[in-house]
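Colleague: Next come a sequence and a model predicted from it.
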Amino acid sequence: MKVYTCSEARQRFAEVLRHAKREGQAQIRRRDGELFVVQPAQSVGSPLDVPGVESGLTAREVVDLVRDSRRSTERLLPRTPAHVQRTRR
């Protein structure tokens, strides 16, 4: 494992990061002997990053299905008083 001095790490920071990526970690030693470890963080994907599904539907058909489902659930929502106007976005 490669150990860099603090001043070396400052001057060759990109090299320290490449080494840490390639070897799993790099160490940096300060003048007082204190030792630090630099290592790459694990990437975390988004929970919304899911593979697509081939449905065979067109975009228009999907939009129509969503609108139909919204209409069918509107009856379950509380009624809006007549004096309150709904705004559409």
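Modeller: Sure, I can see it. Residues are numbered from 1 along each chain as shown.

Colleague: For this structure, give the helix that spans the most residues.
Modeller: Taking DSSP state H as the criterion, the chain has its longest helix at helix 59-74.

Colleague: Give me the contact list for it.
Modeller: Applying Cβ atoms under 8 Å, 6 or more residues apart in numbering, the external contacts of helix 59-74 come out as 55, 57. Heads up, the C-betas are built off the backbone N, CA and C, glycines and all.

Colleague: Might you calculate how far stretch 43-56 sits from the centre of the chain?
Modeller: Distance, stretch centre to chain centre, for stretch 43-56: 12 Å (Cα atoms, centre = their mean, to the nearest Å).

Colleague: ok, His19 - how many residues close by?
Modeller: Residues near His19, counting by other Cβ atoms under 10 Å, number 18.

Colleague: That one against Ile28, yeah?
Modeller: No. Shown here, His19 and Ile28 do not form a contact pair, counting by Cβ atoms under 8 Å, at 10.8 Å.

Colleague: Helices along the chain, start to end?
Modeller: Using DSSP H, the helices assigned to the chain run over residues 6-11, 13-23, 59-74.

Colleague: Which one, of these, ends up nearest to Val37?
Modeller: helix 13-23 (8.5 Å; Cβ to Cβ).

Colleague: Counting neighbours, which bits of that closest one end up buried?
Modeller: Neighbour-count burial for helix 13-23, counted by 16 or more other Cβ atoms under 10 Å, picks out 16, 19-20.

Colleague: Just the closest of those residues to Lys2, please.
Modeller: His19 (5.4 Å).

Colleague: And the pLDDT at the closest one?
Modeller: Here the pLDDT value assigned to His19 is 96.

Colleague: contacting residues around it?
Modeller: Shown in contact with His19 (Cβ under 8 Å, 6+ apart): 2, 26.
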